[in-house]
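Chemist: with the sequence up front, the predicted model follows.
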Amino acid sequence: MNLGDDLYREIILDNYKSTENRKSLDDATFSQEGFNPSCGDDVTLYLKTDGDTITDVTYDGMGCSICLASANMLCNSLKGATVAQAEDLIGRVKAMLVNQEQPDFPDGAEDLEAIAGVSKFPVRVKCALLSWNTLHQIVQEIKSKPSDR
Amino acid sequence: MIDQVKDTDLGVRADFPVLSRLMRGKPLVYLDNGATSLKPQSVIDAEVAYLRDNGATIHRGVYEFSERATTMYDDARVRIKRFVGCPEDGEVVFTKSATESSNIIARSWGAKFLRPGDRVVTTEIEHHANIIPWQEVARATGAELAFIPIGPRGEIDPGDVARTINDRTRIVAVTGMSNVTGAMPAVREIAQIAHAAGALVVVDGAQLVSHHPVNLAELDADFVIWSSHKMCGPTGVGFLYARKCLLEQMDPFLYGGDMIVKVTKDRATYAQAPEKFEPGTPNISGVIALTAAIDYLEAIGMDRIADLEDRLLARAEEALGEIPGVTLYVPDSVGRRGGILSFNVDGVHPHDVGSMLDSEGIAVRAGFHCAQPFMRHMGVGGTVRASFYLYNTAADVDALVAGVRRAKEFFQ
């Protein structure tokens, strides 16, 4: 087995090392912390929304390369997306990682295909999913609030 | 050099079938012994032999196979008692895990005897199994949970133990060997201090008993917990040692069959310990196979195992310590340590180090090691942990060191 091919693809390492999205947002509309008690990964997502549109999204926290790379990809793929598109993307990521379905991502989110190999490592799936589960919580919060438009 | 290699190989690897298997297509280098140990063929054979050739339950059958199963089961209790130098009969209870044993102490002794304002003293280096049951029982009884101050790497100064114990202290719960650093607190000295103040001592022996010779009569603890699966025996069998007078005072933990004397519609009277704490059909095959594990460990000698681990630990510490950017979590001058080494590679998450080692067939633990308060104390979000046992060799240590070097290069 080649770990470099399966788990640590170069795109993952690039996303892990990228610091562009790794910061808090002072004017975030929504923020949510996600914590993985089994390994200590701890990621907070910050979302800035304008109506239904996610205008900015960042994260900070600490975690393994898979966890932080996945969070970084989340940020890159959600800027300018609608809440509905975010929800759709959560479903696609989970389908890929949990149900081992063939990855199928819209333009701008293709990097996420790089984490498909993680699905072969069950204990690492939760690392890749932490930021997406956290995003899911935020989406639920947005949907539970009456629109202020 | 030849002697050094001989000294770092007890020549027992052929006894462990799994060591000839491949993991991720590579020869298995098993360094997760702090979590559980591998099983020798003799233990596997003993468990299979009972399941294949007997299969009857214990204590109740009036037929030959049940009598034989009962004899083997009871023999295991005699053997484990002797293995840990337990002075009296009837003081070792079979449970399902060291964790269950800990809960029995907290619930059956703690919940019954702790009063508001009483103090339970423990440490931040404990495994969660030796903290959480006490948190819960302290909350339920109004007792106070106090922590002995520790050094930067979890060092315990017996002087600080004395300062933490007050005249309301009823329990001092401390590990015999840290599952994070391998440190072995001065349990005998701590027991003397606790006893002088009228407190009882609980020792978490999960690591200690499987890696070092232990004599409970000398240890002088009031309760000791440990488990079979960390000492080459099957999973699902744990032990609770307690002084007989304490077991007599304690209420049962679970109620049901095989732990009673007489049952009427309204009430029941209970058997003596240990049966009082062993309701239901136990893990018979596991307990019987435990005897084979004790045979195996005694034939090799716990002192030889401990000496081997000393040498492997020294080799690992020296070689990993030479890698720039590797931090070893080694306590200062706390005397002898068991064969456990925690470390981190700068800028690389422990799970990533663990996954890189996994890809080379090397099994380590990465994360909190069920010791979050200790991790918080050391200011780390987890460590990589290599832990040794009797079948490990210098070659295993060298494979670990090479793997850590590769992980470091990969992520740089």
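Modeler: Yep, it's here. Everything numeric here is computed off the predicted structure, so don't read it as measured data.
Chemist: residue B:178 contacts residue B:207, correct?
Modeler: Yes - using C-beta atoms under 8 Å, residue B:178 is in contact with residue B:207, at 7.3 Å. To be clear about C-beta, it is placed using only N, CA and C from the backbone, and glycine gets the same treatment.
Chemist: pick out whichever of the two has more residues nearby.
Modeler: Set residue B:178 next to residue B:207 and count neighbours by other C-beta atoms under 10 Å in any protein chain shown: residue B:178 wins out with 31 against 26.
Chemist: enumerate every residue touching the residue lying closest to that one once chain neighbours are set aside.
Modeler: Closest residue to residue B:178 apart from its sequence neighbours, by C-beta to C-beta, 6 or more residues apart in numbering or on different chains: residue B:125 at 5.1 Å. Residues near residue B:125 by C-beta atoms under 8 Å, 6 or more residues apart in numbering or on different chains: B:150, B:154, B:156, B:175, B:178, B:180-181, B:183, B:185, B:371, B:374, B:377.
Chemist: out of the residues you listed, who's nearest residue B:248?
Modeler: Nearest to residue B:248 among these is residue B:175, at 26.4 Å by C-beta to C-beta.
Chemist: hey, what's the closest one bridged with?
Modeler: Beta-bridge partners recorded for residue B:175 (DSSP bridges): residue B:204.
Chemist: measure it to residue B:182 for me?
Modeler: Residue B:175 is 11 Å from residue B:182, where distance means C-beta to C-beta, to the nearest Å.
Chemist: touching both of these two, which residues are there?
Modeler: residue B:207.
Chemist: what does chain A have sitting close to chain B?
Modeler: A:1, A:3-4, A:7-8, A:13, A:38-40, A:42, A:62-67, A:121, A:124, A:127 (C-beta under 8 Å from any C-beta of the partner chain).
Chemist: list the buried residues of the helix or strand encompassing residue B:67.
Modeler: Assigned by DSSP states H and E, residue B:67 falls within helix B:64-83. By neighbour count on 16 or more other C-beta atoms under 10 Å in any protein chain shown, the buried set for helix B:64-83 is B:66, B:68-70, B:72-73, B:76-77, B:79-81, B:83.
Chemist: closest to chain A out of these?
Modeler: Nearest to chain A among those: residue B:80, at 31.6 Å, using C-beta to the nearest C-beta.
Chemist: ok, the nearest residue to that closest one once chain neighbours are set aside - contacts?
Modeler: Leaving aside its sequence neighbours, residue B:80 sits nearest to residue B:92 (C-beta to C-beta, 6+ apart; 5.8 Å). Counting by C-beta under 8 Å, 6+ apart, residue B:92 makes contact with B:77, B:80-81, B:84, B:86, B:239-241, B:274.
Chemist: with distance to residue A:116 and pLDDT added, can I get these in CSV?
Modeler: As requested, those are exported to CSV (distance: C-beta to C-beta, whole Å; pLDDT from 0 to 100):
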residue, distance to residue A:116, pLDDT
B:77, 52, 96
B:80, 49, 97
B:81, 54, 97
B:84, 50, 98
B:86, 54, 95
B:239, 45, 98
B:240, 47, 98
B:241, 50, 98
B:274, 53, 93
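Chemist: just checking, which helix or strand of chain B averages the lowest pLDDT?
Modeler: Sorting the helices and strands of chain B by mean pLDDT, DSSP states H and E puts helix B:2-7 at the bottom, at a mean of 60.
Chemist: any regions of chain A where pLDDT drops low?
Modeler: A:1-6, A:146-149 (pLDDT under 70).
Chemist: what residues does chain B have near chain A?
Modeler: Checking chain B against chain A by C-beta under 8 Å from any C-beta, the hits are B:24-25, B:348-352, B:355-356, B:358-359, B:366-368, B:375, B:381-382, B:410-411.
Chemist: how's chain B carved up into domains?
Modeler: According to automatic domain parsing, chain B comprises the domains B:2-30+B:301-411, B:45-298.
Chemist: what would those look like in JSON lines with distance to residue A:31?
Modeler: Converted to JSON lines, the domains of chain B look like this (distance: least, C-beta to C-beta, whole Å):
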{"stretch": "domain B:2-30+B:301-411", "distance to residue A:31": "20"}
{"stretch": "domain B:45-298", "distance to residue A:31": "29"}
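Chemist: check the gap between the residue nearest the centre of chain A and chain B for me.
Modeler: Centroid-nearest residue in chain A: residue A:74, 3.5 Å away (criterion: C-alpha atoms, centre = their mean). From residue A:74 across to chain B, the span is 18 Å (C-beta to the nearest C-beta, to the nearest Å).
Chemist: just to be sure, that residue is in a strand?
Modeler: No - under DSSP: H, G, I helix; E, B strand; the rest coil, residue A:74 falls outside any strand and is assigned helix.
Chemist: residue contacts, it?
Modeler: A:45, A:57, A:59, A:131-132, A:135.
Chemist: so which strand or helix has residue B:194?
Modeler: Assigned by DSSP H and E, residue B:194 falls in helix B:187-196.
Chemist: could you report the neighbour count for residue B:269?
Modeler: Neighbourhood size, residue B:269 [other C-beta under 10 Å]: 9.
Chemist: re earlier: which of the residues of chain B next to chain A fall within helices?
Modeler: Among those, the members found in helices (DSSP state H) are B:350-352, B:355-356, B:358, B:375, B:410-411.
Chemist: in ChimeraX, select just the buried ones from those residues.
Modeler: Per 16+ other C-beta under 10 Å, the buried members of those correspond to this ChimeraX selection:
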select /B:350,351,352,355,356,358,375,410,411
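Chemist: returning to that earlier point: how close does the residue nearest to the centre of chain A get to residue A:86?
Modeler: 9 Å.
Chemist: now do the shared contacts for these two.
Modeler: residue A:135.
Chemist: which parts of the stretch 101-250 of chain B are helices?
Modeler: B:111-113, B:132-141, B:158-164, B:187-196, B:208-211, B:216-219, B:244-249 (DSSP state H, counting those that start in this stretch).
Chemist: out of these, deepest packed?
Modeler: helix B:208-211 (a mean of 28; mean count of other C-beta atoms under 10 Å in any protein chain shown).
Chemist: show me what that one is packed up against.
Modeler: Counting by 3 or more C-beta pairs under 8 Å, 6 or more residues apart in numbering or on different chains; DSSP states H and E, the packing neighbours recorded for helix B:208-211 are strand B:223-227, helix B:302-321.
Chemist: swap the cut-off to 7 Å and go again
Modeler: helix B:302-321 (3 or more C-beta pairs under 7 Å, 6 or more residues apart in numbering or on different chains; DSSP states H and E).
Chemist: what angle sits between the helix it packs on and helix B:64-83?
Modeler: 60 degrees (axes from the mean of the first three to the mean of the last three C-alpha atoms, to 10 degrees).
Chemist: which residues are in contact with the nearest residue to residue B:186 once chain neighbours are set aside?
Modeler: The shortest distance from residue B:186 to any non-neighbouring residue, by C-beta to C-beta, 6+ apart, is to residue B:158 (5.5 Å). Residue B:158 makes contact with B:186, B:189-190, B:193, according to C-beta atoms under 7 Å, 6 or more residues apart in numbering or on different chains.
Chemist: how about 10 Å then?
Modeler: B:148, B:185-190, B:192-193 (C-beta atoms under 10 Å, 6 or more residues apart in numbering or on different chains).
Chemist: from those, which two are the most distant?
Modeler: Once C-beta to C-beta is applied, those give B:148 and B:188 as the farthest pair, at 15.7 Å.
Chemist: to the chain's geometric centre, what's the distance from stretch B:103-120?
Modeler: Counting by C-alpha atoms, centre = their mean, to the nearest Å, stretch B:103-120 is centred 22 Å from the centre of its parent chain.
Chemist: what's the burial count for the closest residue to chain A within the stretch 101-250 of chain B?
Modeler: Proximity of the stretch 101-250 of chain B to chain A (C-beta to the nearest C-beta) peaks at residue B:128, 10.9 Å away. Residues near residue B:128, counting by other C-beta under 10 Å, number 17.
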